[in-house]
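Q: need a structure here:
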Amino acid sequence: MRSDEVKKGIERVPHRALMHATGVARSEFEKPFIGIASSFTDLIPGHAGMRTLERFLENGVYAGGGHPFLFGIPGICDGIAMGHIGMHYSLPIRELIADSVETVIQAHRLDGMILLTNCDKITPGMLMAAARLDIPAIVLTAGPMLGGRYKGERLDLVHDAFEAVGKFNRGELTEDDVVAMEIGSCPGEGSCQGLFTANTMACLTESLGMSLYGAGTALAVSSKKRHLAFETGKKIVELVNNNVTARQIMTRNAFENAIRVDMSLGGSTNTVLHITAIAHEAGIELPLELFDKISSETPNITRIRPSGDAMMEDIEYAGGIPAVLNRLRGMLKDNPTVTGPSLLELAKRGVVYDHEIIRPLDKAYSSSGGIAVLKGSLAPDGAVIKVAGIGAGLEYFKGTAKVFGSEQDAMKAIMGKKIQPGDVIIVRYEGPKGGPGMREMLSPTAALSGMGMGDKVALITDGRFSGGTRGLSIGHVSPEAAAGGPIGLVKDGDTITIDLKKKTVDLSVDTDELDRRRAAFRPPEPKFRSGWLARYARLVTSANTGAVLK
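A: The predicted model follows:
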């Protein structure tokens with residue numbers, strides 16, 4: 001065992017003495033040492049209930065014949081970090097988490113690890129660490145939040161808190177309504193209720209084979225989640241004893257399966273960044289074009305908020321990810337899983353209990369998946385859009401550019417009612433380097449939707465969107481403005497054309513004029529000159545490569 005390096009032999013007397021000081025009994029040194037990387041924090045609703053899950057994980061490890069060691073991993077809530085300096089840290093924390101897990105696991109020579117996670121960048125950071133370290137590993141996501149209630153209607157964070165800002169501005173809601181939604185939209189622990197980034201990543205973690213069967217949608221408040229925690233603790237010891245490592249699970253087949261499930265669900269555009277980055281750590285390169293290819297072949301069979309009105313609890317009661325795998329089993333590739341049976345064997349076990357929530361392939365909402373990759377003169381290296389969140393009639397959009405150098409400036413114009421129907425809002429210098437950190441732009445898109453402008457304007461950025469974003473919102477534009485991409489050359493009044501059928505996004509400016517603008521182009525000074533965001537900006541790659549550090 002790896003842990004023999006710190007617990008066996010006369011020369012390890014000091015090491016054992018220190019472990020005895022933590023309470024490890026002498027009889028425990030023959031057992032596998034299991035790290036439990038917990039991202040518990042009081043700051044994140046999706047993580048606030050993890051203390052209970054930690055207990056069940058520890059008990060499961062003991063029951064399986066191992067010895068657990070709990071350690072902490074940082075986390076931030078994207079919703080709370082949004083709209084101010086905090087969002088600069090959202091994507092970079094993914095790298096910090098992967099490095100933190102690697103550091104503790106390697107320094108203490110632990111034999112296997114459980115990764116307790118839930119929210120947006122924390123889950124991909126944990127998976128990146130698993131792929132990088134390639135030791136036995138299982139991920140346990142803490143589960144979705146239940147929907148809220150107000151005046152007989154179901155509430156969720158995005159539709160009923162973020163969009164309430166725009167609705168109040170428009171005069172549709174009273175101040176009492178807004179306060180009620182503020183209090184009631186998030187009724188307790190769990191990841192926010194729709195198919196936003198946190199829940200999309202939980203579903204894809206199960207699809208990758210890195211979580212136990214049924215873990216992806218099991219609710220945060222359920223005894224089922226506690227049972228899964230206990231079984232996860234037992235299972236990790238089995239994986240250590242059988243030397244089943246993370247890269248044996250996370251193969252290219254696994255990543256292609258996860259992308260297919262993502263497209264069938266209509267998940268968050270952030271998953272394009274995250275799946276690419278996790279695969280990179282596993283030594284597998286996934287070109288952006290692969291996402292588009294798989295999407296074009298995969299029917300979109302669910303419509304979960306923000307794309308529809310269903311919530312994660314509806315998916316759970318309809319059969320969860322096993323049911324989705326069952327629908328897709330003829331399109332999936334077989335692959336090992338941490339559960340034991342292969343993915344296709346697990347797919348056969350899945351049962352669909354609600355055929356409207358998880359539709360048959362021949363009655364899908366659309367014949368292609370929920371995400372599309374666009375290219376064109378504005379995004380030569382690609383851009384990403386969540387087509388599942390777009391209403392009918394928006395397949396083609398031609399409008400006039402209104403250019404902003406930051407999310408804050410764009411938000412001021414939106415709230416100041418300076419955006420008109422037919423505008424194409426360009427928000428640049430928010431990419432991996434320019435941001436730095438690709439800030440999510442849920443506040444602007446939610447405000448536009450709440451003000452009734454969601455189907456009348458487009459928003460294009462080299463930054464990112466939340467999984468809760470809907471409407472004609474195009475992100476991840478590559479190359480980004482800070483790297484000299486064409487999005488940095490756009491001027492107010494330019495014509496922008498978006499054609500979703502042709503999968504193009506173009507800037508209608510003649511070549512000579514673009515050449516003049518390019519010759520005169522000077523990117524702004526870096527926003528951070530000290531701290532780790534300054535280092536991040538120097539090392540991070542483009543969005544189309546997963547915004548990984550090199």
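
Q: Now do the SS call for Leu204.
A: When classified by DSSP: H, G, I helix; E, B strand; the rest coil, Leu204 comes out as helix.

Q: Next, the residue nearest to it when sequence neighbours are not counted: secondary structure please.
A: The shortest distance from Leu204 to any non-neighbouring residue, by CB to CB, 6 or more residues apart in numbering, is to Ala258 (4.5 Å). From N, CA and C alone the C-beta is placed, and that goes for glycine too. In three-state terms, and counting by three-state DSSP, Ala258 is helix.

Q: In this structure Ala258 contacts Ser207, no?
A: Yes. Using CB atoms under 8 Å, Ala258 is in contact with Ser207, at 4.6 Å.

Q: Near the residue nearest to Leu204, how many other residues are there?
A: 28 (other CB atoms under 10 Å).

Q: Please apply the same query to the one 4 residues further on.
A: Asp262: 28 surrounding residues under other CB under 10 Å.

Q: ok, it touching Val384?
A: No. With contact defined as CB under 8 Å, Asp262 and Val384 do not form a contacting pair (11.8 Å).

Q: intersection of neighbour lists for those two?
A: Ile371 (CB atoms under 8 Å, 6 or more residues apart in numbering).

Q: all helices of the stretch 251-400 of the chain, in order?
A: Here the stretch 251-400 of the chain has its helices, by DSSP state H, counting those that start in this stretch, at 252-265, 270-281, 288-297, 312-317, 320-328, 343-349.

Q: Hey, what's the angle from the fifth one to helix 252-265? Just curious.
A: With axes from the mean of the first three to the mean of the last three CA atoms, to 10 degrees as the criterion, the two stretches helix 320-328 and helix 252-265 enclose an angle of 90 degrees.

Q: all strands for the stretch 301-450 of the chain, in order.
A: All strands of the stretch 301-450 of the chain, identified by DSSP state E, counting those that start in this stretch, fall at 371-376, 379-386, 396-404, 423-427.

Q: Can you add mean neighbour count, mean pLDDT and distance to Met311 and give those strands back as TSV?
A: Below are these laid out as TSV (neighbours: other CB atoms under 10 Å; pLDDT from 0 to 100; distance: least, CB to CB, whole Å):
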stretch	mean neighbour count	mean pLDDT	distance to Met311
strand 371-376	23	95	20
strand 379-386	24	96	17
strand 396-404	18	97	29
strand 423-427	25	97	29
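
Q: now these in CSV, with distance to Gly330?
A: Putting the strands of the stretch 301-450 of the chain into CSV (distance: least, CB to CB, whole Å) gives the following:
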stretch, distance to Gly330
strand 371-376, 21
strand 379-386, 25
strand 396-404, 33
strand 423-427, 40
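
Q: and Lys375, how far is that from Ile460?
A: 13 Å (CB to CB, to the nearest Å).

Q: what's the overlap in contacts for those two?
A: Ala383, Val505.

Q: Enumerate every residue touching the residue nearest the centre of the chain.
A: What sits nearest the mean C-alpha location of the chain, by CA atoms, centre = their mean, is Thr197, with 3.6 Å. The neighbours of Thr197, taking CB under 8 Å, 6+ apart as the test, are Asp78, Cys119, Asp120, Lys121, Ser268, Asn270, Thr271, His274, Ser466, Gly467.

Q: if we can go back for a sec, can you list residues touching both of Ala258 and Ser207?
A: By CB under 8 Å, 6+ apart, no residue touches both Ala258 and Ser207.

Q: Give me the neighbour count for the closest residue to Thr469 other than its chain neighbours.
A: Once flanking residues are discounted, Thr469 sits nearest to Thr445: 4.4 Å by CB to CB, 6+ apart. Thr445 has 32 neighbours, counted by other CB under 10 Å.

Q: wait, isn't Thr445 in contact with Gly475?
A: No. If you go by CB under 8 Å, Thr445 and Gly475 don't touch, sitting 9.8 Å apart.

Q: For the stretch 251-400 of the chain, give me the ranges with low pLDDT.
A: Counting by pLDDT under 70, the stretch 251-400 of the chain contains no low-confidence range.

Q: CA atoms of the lengthiest helix in the chain as PDB?
A: Ranked by residue count under DSSP state H, the longest helix found in the chain is helix 223-241. Extracted C-alpha coordinates of helix 223-241, given in PDB (Å, rounded to 0.1, in the frame of the first residue of the first chain):
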ATOM      1  CA  SER A 223     -31.800   9.300   3.700                       C
ATOM      2  CA  LYS A 224     -30.900   7.800   0.300                       C
ATOM      3  CA  LYS A 225     -28.000  10.300   0.200                       C
ATOM      4  CA  ARG A 226     -26.800   9.100   3.600                       C
ATOM      5  CA  HIS A 227     -27.000   5.500   2.500                       C
ATOM      6  CA  LEU A 228     -25.000   6.300  -0.600                       C
ATOM      7  CA  ALA A 229     -22.400   8.000   1.700                       C
ATOM      8  CA  PHE A 230     -22.100   4.800   3.800                       C
ATOM      9  CA  GLU A 231     -21.800   2.600   0.700                       C
ATOM     10  CA  THR A 232     -19.200   5.000  -0.800                       C
ATOM     11  CA  GLY A 233     -17.100   4.500   2.300                       C
ATOM     12  CA  LYS A 234     -17.300   0.800   2.000                       C
ATOM     13  CA  LYS A 235     -16.700   0.800  -1.700                       C
ATOM     14  CA  ILE A 236     -13.500   2.800  -1.600                       C
ATOM     15  CA  VAL A 237     -11.800   0.200   0.500                       C
ATOM     16  CA  GLU A 238     -12.800  -2.400  -2.000                       C
ATOM     17  CA  LEU A 239     -11.300  -0.300  -4.800                       C
ATOM     18  CA  VAL A 240      -8.100   0.000  -2.900                       C
ATOM     19  CA  ASN A 241      -7.800  -3.700  -2.300                       C
END
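
Q: in that helix, what's buried?
A: 224-226, 228-241 (16 or more other CB atoms under 10 Å).

Q: can you check stretch 344-351 too?
A: Buried, per 16+ other CB under 10 Å, within stretch 344-351: Leu344, Leu346, Ala347, Gly350.

Q: Skipping adjacent residues, who's closest to the first one in space?
A: What that stands for is Leu344. Using CB to CB, 6+ apart, the closest residue to Leu344 is Asp334 (4.5 Å).

Q: For Val403, see how far away the one you found is.
A: 49 Å.

Q: for Ile76, what are its contacts?
A: By CB under 8 Å, 6+ apart, the contact set of Ile76 is Leu43, Ile44, Gly86, Tyr89, Ser90, Ile93, Lys121.

Q: Please tell me which one of these counts the most neighbours.
A: Going by other CB under 10 Å, Lys121 tops the contacts of Ile76 with 27 neighbours.

Q: Isn't that one up against Cys77?
A: No. Using CB under 8 Å, Lys121 is not in contact with Cys77, being 10.5 Å away.

Q: Against Leu489, how distant is the closest residue to Gly485 other than its chain neighbours?
A: Leaving aside its sequence neighbours, Gly485 sits nearest to Pro479 (CB to CB, 6+ apart; 3.3 Å). Using CB to CB, Pro479 is found at 11 Å from Leu489.

Q: Next one, pLDDT for His84 please.
A: On the pLDDT scale, His84 is placed at 89.

Q: An error on my part: the question was meant for Arg149.
A: Taking Arg149 on its own, its pLDDT is 93.

Q: Would you quantify the distance from it to Glu163?
A: 17 Å.

Q: These two: which is more packed in?
A: Between Arg149 and Glu163, counted using other CB under 10 Å, the more crowded position is Glu163 (27 against 13).

Q: Can you spell out which helices and strands pack onto the helix or strand containing the more buried one?
A: Assigned by DSSP states H and E, Glu163 belongs to helix 163-170. Under the contact criterion of 3 or more CB pairs under 8 Å, 6 or more residues apart in numbering; DSSP states H and E, helix 163-170 touches helix 175-184, helix 442-450.

Q: Just put those helices in CSV and tack on distance to Ile114 and mean pLDDT.
A: Formatted as CSV, the helices and strands packed on helix 163-170 follow (distance: least, CB to CB, whole Å; pLDDT from 0 to 100):
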stretch, distance to Ile114, mean pLDDT
helix 175-184, 34, 93
helix 442-450, 31, 86
